[in-house]
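J.: Below are the sequence and a predicted model; questions follow.
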Amino acid sequence: MQDRIKAILQLEPSDATVKAEGWVRTKRDSKNVCFLEINDGSCLKGLQCVIDKAKTDTALLDRIGTGASITAEGRIVSSQGGNQKTEMAVETLTLIGECPADYPLQKKRHTVEFLREKAYLRPRTNLFGAVMRVRSTMAYAVHSFFQENGFVYVNTPLISASDCEGAGAQFQVTTLDLENVPKTEDGKVDYSKDFFGKMANLTVSGQLEGETYATAMKNIYTFGPTFRAENSNTARHLAEFWMIEPEMAFCTLEGDMEWAEKFLKYVFSYVLEKNAEDMEFFSKFVLDGVVDTLRHVIESPFAHMTYTEAIKVLEPENDRFEFPVKWGVEIQSEHERFLTEEVAKRPVIVTDYPKDIKAFYMKMNDDGETVRAMDVLAPRLGEIIGGSEREYRYDVLVKRMNELGLKPEDYWWYLDLRKYGTVPHAGFGLGFERAVQYVTGVANIRDVIPYPRYVKSCEY
């Protein structure tokens, strides 16, 4: 097993022979020497390989260009140039895979729109290599946080017969012949002939199933793909994305907020520690101040206010907003940024939203008008986490379902949890890609996932 280039770059000069494997980023020729910079995705900086032309087959060198894969063996020596501390004095060079001159990623700055069309090659660029390393670190930090705190990792189903959000924006899963759909006597689709014997969809959330395990194992979390068939063409929406959803039994809204704050601070701290080079790159080339924002979130105790208090703060400022606010309407991103950046000057947790703008499963407050919901708002972004204390009272939950036009019989198993040893419980959801966006400063959510899925786009 060969060392990654990240490790090779840390080696001191010596007479030991080292082997490096990677792809050529740049090639520079002089009369007597050829310089190849190779990278293997382990870090931003490549390894400079110095090749003595008098000792190397020039025909081989002529075949090596940008994008080619090679292995190089030699000694690590002090670099004569000013851009790197060390370099490799190559003794053996092997061309593994040639790369023709029409390679799309020549040495120039490409737009993210162009690279999105070359998603199979874009991880070879500095930007997308850094994004994916940070994404990997963040995923590891997610599991580390929950495992260190005694949570059980639960894999909830990707195919579901329940709509957690009640919004209906789901992708249907079927094996029916769409050219000859079976119908019932009244002309409706006969789902009894379908694979599952009923209508099934890709999940929009693992929360409901997660609750079943929280009421048996106390603290659990899910981390997996979810799907929304929303016809939304924005920089913040994907049709397929990853969600992190912890659920805690014997937990109220207050505990939910504490876990959410601890979780965010842990993940952000972990990335700043483990990916310092990548984060410096984002600050320099993507979004100035992105590291400072993360540090501010880590170091600040989160502010708290109710939805009603937030509206009272926002209403006098309505002239400055594109979407004026009043009690009962959704708080938009511009309002969330105002609360975090100008009012509190730190992250804010807004609680107790009107029931009419929140999901059926959120616990009703005694006023009958608001629910025990909470959103964590972050400077520069707005909402980054949404959660609530769940409604654990059977009769109240059934009433709420009926109010929203949901059929309680479709959620019989979920209601049974409120019959058999019910308990206060709470949880929250974090869209992983939005969190990666926030950490990296990358503007479009399509550029923080390996293969983005959105309206009219399902390439690769």
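T.: Arrived safely.

J.: check contacts around residue 416.
T.: Counting by Cβ atoms under 8 Å, 6 or more residues apart in numbering, residue 416 makes contact with nothing. C-betas here are computed from N, CA, C, even on glycine.

J.: Not counting its neighbours along the chain, what's nearest residue 306?
T.: Take residue 306 and drop its neighbours on the chain: the residue closest to it by Cβ to Cβ, 6 or more residues apart in numbering is residue 352, 4.5 Å away.

J.: How confident is the prediction for the one you found, by pLDDT?
T.: The score at residue 352 is 98. That number is its pLDDT.

J.: Next: residue 229.
T.: The predicted local confidence for residue 229 comes out at a pLDDT of 92.

J.: For it, grab the count of nearby residues.
T.: If you count neighbours by other Cβ atoms under 10 Å, residue 229 ends up with 16.

J.: again, but for the one 10 residues further on
T.: Other residues within reach of residue 239 by the criterion other Cβ under 10 Å amount to 20.

J.: And residue 274, by the same measure?
T.: Residues near residue 274, counting by other Cβ under 10 Å, number 17.

J.: Surely residue 316 is in a strand?
T.: No - residue assignment for residue 316, taken from DSSP: H, G, I helix; E, B strand; the rest coil, gives helix, which places it outside any strand.

J.: Just give the number of residues close to it.
T.: Residue neighbour count, defined by other Cβ under 10 Å, stands at 8 for residue 316.

J.: going forward can the numbers begin at 351, since that is how I track them
T.: Let's use 351 as the start, then, which means that last one is residue 666.

J.: picking that back up, can you classify the residue nearest to residue 656 as helix, strand or coil?
T.: Local secondary structure at residue 702 is given as strand here, using three-state DSSP.

J.: residues contacting it?
T.: Contacts here follow Cβ under 8 Å, 6+ apart; on that basis residue 702 touches 656-658, 715, 720-723.

J.: same thing with residue 713?
T.: Listed by Cβ under 8 Å, 6+ apart, the contact partners of residue 713 are 603, 721-722, 738-743.

J.: how close does it get to residue 602?
T.: From residue 713 over to residue 602 the distance is 9 Å, taken as Cβ to Cβ, to the nearest Å.

J.: and if you look at residue 727?
T.: To residue 602, residue 727 is 21 Å away according to Cβ to Cβ.

J.: Same drill for the two, tell me which one is more crowded.
T.: Neighbour tally, residue 727 and residue 602, criterion other Cβ under 10 Å: the higher count belongs to residue 727, 28 against 14.

J.: Kindly confirm my reading that the more buried one is in a strand.
T.: Yes - counting by three-state DSSP, residue 727 is part of a strand.

J.: Might one say that it is in contact with residue 697?
T.: Yes - if you go by Cβ atoms under 8 Å, residue 727 and residue 697 touch, sitting 6.4 Å apart.

J.: Now the common contact residues for these two.
T.: The overlap between the contact sets of residue 727 and residue 697 (Cβ under 8 Å, 6+ apart) consists of residue 690.

J.: Ends of stretch 399-408, what's the gap?
T.: For stretch 399-408, the separation between the terminal residues is 15 Å (Cα to Cα, to the nearest Å).

J.: give me the beta-bridge partners of residue 367?
T.: residue 425 (DSSP bridges).

J.: how much space between it and residue 621?
T.: As judged by Cβ to Cβ, residue 367 and residue 621 stand 35 Å apart.

J.: Can you pull the residues that touch both of residue 713 and residue 602?
T.: 722, 739.

J.: Which pLDDT value belongs to residue 518?
T.: Here the pLDDT value assigned to residue 518 is 58.

J.: Against residue 643, how distant is residue 691?
T.: The separation that residue 691 has from residue 643, given Cβ to Cβ, amounts to 10 Å.

J.: I should have written residue 732 there, sorry.
T.: Counting by Cβ to Cβ, the gap between residue 732 and residue 643 amounts to 13 Å.

J.: Then residue 429?
T.: According to Cβ to Cβ, residue 429 stands 35 Å off from residue 643.

J.: More neighbours: the two, which one.
T.: In this view residue 429 and residue 643 are compared by other Cβ under 10 Å, and residue 643 has more residues nearby, 20 against 15.

J.: Now that one: closest residue in space, sequence neighbours ignored.
T.: Counting by Cβ to Cβ, 6+ apart, the nearest residue to residue 643 once its immediate chain neighbours are dropped is residue 730, at 5.5 Å.

J.: any idea whether that neighbour is helix, strand or coil?
T.: Here residue 730 takes the coil state, with states given by three-state DSSP.

J.: What count of nearby residues applies to it?
T.: When neighbours are defined as other Cβ under 10 Å, residue 730 has 17 of them.

J.: go on, residue 537?
T.: Each residue near residue 537 was counted by other Cβ under 10 Å, and the total is 7.

J.: Contact partners for it?
T.: If you count contacts by Cβ under 8 Å, 6+ apart, then residue 537 has nothing around it.

J.: per-residue confidence at it?
T.: With respect to pLDDT, residue 537 scores 92.
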